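Visitor: Return atomic coordinates for the entry below.
(4 chains)
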2 protein chains.
Amino acid sequence: MTIDAVNPNPDDKTLAALLSAHRVYPTAQRLMVARILFARHQHATADGLLHALHAAGQRVSKATVYNTLARFVEAGLLREVIVDNQHTFYDSNTRPHHHFYNLDSGELTDVNIATPLAVRDHDLPAGTTLDSVDIVIRIRNAAG
Amino acid sequence: MTIDAVNPNPDDKTLAALLSAHRVYPTAQRLMVARILFARHQHATADGLLHALHAAGQRVSKATVYNTLARFVEAGLLREVIVDNQHTFYDSNTRPHHHFYNLDSGELTDVNIATPLAVRDHDLPAGTTLDSVDIVIRIRNAAG
DNA sequence: TTAATTGCAAACATTTTGCAGGTTC
DNA sequence: GAACCTGCAAAATGTTTGCAATTAA
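Guide: Purely as a prediction, here's the structure:
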């Protein structure tokens, strides 16, 4: 059960319950982060979140934002998306899907196509198991 | 024509011709890098290359290794593979293929399956064109 | 000779870490 | 009360940049 299945604009009580259900202590700072991330599906960066929180007058430190994001990923509340070594994106949509990455704008968007890529264990190198399949479709703005 | 189609272990003359053909001045340092990269298909990192060159007694600076790799990518001699924010991998196999990334070992290996993913322009967001499709299959070492 | 490249060190951006004080269960 | 979290500043990492000296065409 993902948060968006429950409520598209969750209140703090719902968010606190969500964090607790994932064994993440619902501290004030984590709720601030969750409030932004789980209001809707989005692709956030640590720096972007920090700025958004500060702009909203919230008191959170950089370290806490990083720690919180790492904790959420570990708990399965967020998915890390690696498309660019300059920034790590955190995707609040944890359901299977893939991405368009616009090389010109740096914008990351969801691709809602079914993955025609069935990976079976016997396709993998010996002694390994599947973690995930990431598909990134890199695009550019059309010239002219 | 890729270098490996010509010679699996190219000599300096062949390498210099390859660089020139791609409008890359064949300087001593670039040949050192090319000698390693194009001896066989591989996934190198800037730091790994620098160490390999220094271990071999070659005199190259860190900046030159980075500049050279960027120049080779720009010239189409190498392909950048983004799988991990800690390192950028440079793949000397520029033919279309995908990757296994072992999260436990950090090892990157080629997947030689045909991509069952045909992306057409009308599948892309309006006003954009396709650059590339990157598929990364993340794996872990099997427990036990 | 003209444009391009190299090396060095310093600058950068992002992320991580150590630790004292505060918070959660 | 025991375990966990926060904020700050400092450190670590990987990569880029500025510039004088050198090399390629």
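Visitor: Please list all residues in contact with the most centrally placed residue in chain A.
Guide: Chain A has residue A:91 as the residue nearest its centroid, 1.9 Å off, counting by Cα atoms, centre = their mean. Residue A:91 makes contact with A:41-43, A:78-81, A:108 under the criterion Cβ atoms under 8 Å, 6 or more residues apart in numbering or on different chains. C-beta coordinates here come from the backbone N, C-alpha and C atoms, glycine included.
Visitor: Can you tell me which of those are classed as buried?
Guide: A:41-43, A:78-79, A:81, A:108 (16 or more other Cβ atoms under 10 Å in any protein chain shown).
Visitor: what is the rounded mean pLDDT of the longest helix seen in chain A?
Guide: Longest helix in chain A, counting residues (DSSP state H): helix A:62-74. The pLDDT scores in helix A:62-74 average 97.
Visitor: is that helix up against DNA strand C anywhere?
Guide: Yes - Helix A:62-74 is in contact with DNA strand C by Cβ under 7 Å from any atom of the strand, via A:62-63, A:66-67, A:70.
Visitor: picking up where we left off before, ramachandran angles for the residue nearest to the centre of chain A?
Guide: For residue A:91, the backbone dihedrals are phi -100, psi 120 (criterion: degrees, to the nearest 10).
Visitor: tell me which parts of chain A are close to DNA strand C?
Guide: A:20, A:25-28, A:45-47, A:62-63, A:66-67, A:70, A:86-88.
Visitor: try 6 Å
Guide: Neighbours of DNA strand C within chain A, by Cβ under 6 Å from any atom of the strand: A:20, A:25-28, A:46-47, A:62-63, A:66, A:70, A:86-88.
Visitor: Can you give me the domain boundaries for chain A?
Guide: A:3-90, A:96-144 (automatic domain parsing).
Visitor: Format these as TSV; extra columns: distance to chain B.
Guide: Shown next, in TSV, are the domains of chain A (distance: least, Cβ to the nearest Cβ, whole Å):
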stretch	distance to chain B
domain A:3-90	5
domain A:96-144	4
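Visitor: quick one: which of those domains is nearest DNA strand D?
Guide: domain A:3-90 (3.0 Å; Cβ to the nearest atom of the strand).
Visitor: Could you check that closest one against DNA strand D for contacts?
Guide: Yes - contact of domain A:3-90 with DNA strand D is found when judged by Cβ under 6 Å from any atom of the strand, involving A:25, A:27, A:29-30, A:59-61, A:63-64, A:67-68, A:85.
Visitor: Compare those and tell me which is most surrounded.
Guide: residue A:68 (24 neighbours; other Cβ atoms under 10 Å in any protein chain shown).
Visitor: Make sure that one is actually in contact with residue A:29.
Guide: Yes - with contact defined as Cβ atoms under 8 Å, residue A:68 and residue A:29 form a contacting pair (6.5 Å).
Visitor: Which parts of stretch A:82-91 count as buried, going by neighbours?
Guide: So stretch A:82-91, judged by 16+ other Cβ under 10 Å, has buried residues A:82-84, A:87-91.
Visitor: now the residues you listed as a markdown table including secondary structure and pLDDT?
Guide: Listed next are the buried residues of stretch A:82-91 as a markdown table, based on DSSP: H, G, I helix; E, B strand; the rest coil; pLDDT from 0 to 100:
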| residue | secondary structure | pLDDT |
| --- | --- | --- |
| A:82 | coil | 97 |
| A:83 | coil | 96 |
| A:84 | coil | 94 |
| A:87 | coil | 93 |
| A:88 | coil | 97 |
| A:89 | strand | 97 |
| A:90 | strand | 98 |
| A:91 | strand | 97 |
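Visitor: And the residues you listed, which is closest to DNA strand C?
Guide: residue A:88 (3.5 Å).
Visitor: Against DNA strand C, how distant is residue A:52?
Guide: From residue A:52 over to DNA strand C the distance is 14 Å, taken as Cβ to the nearest atom of the strand, to the nearest Å.
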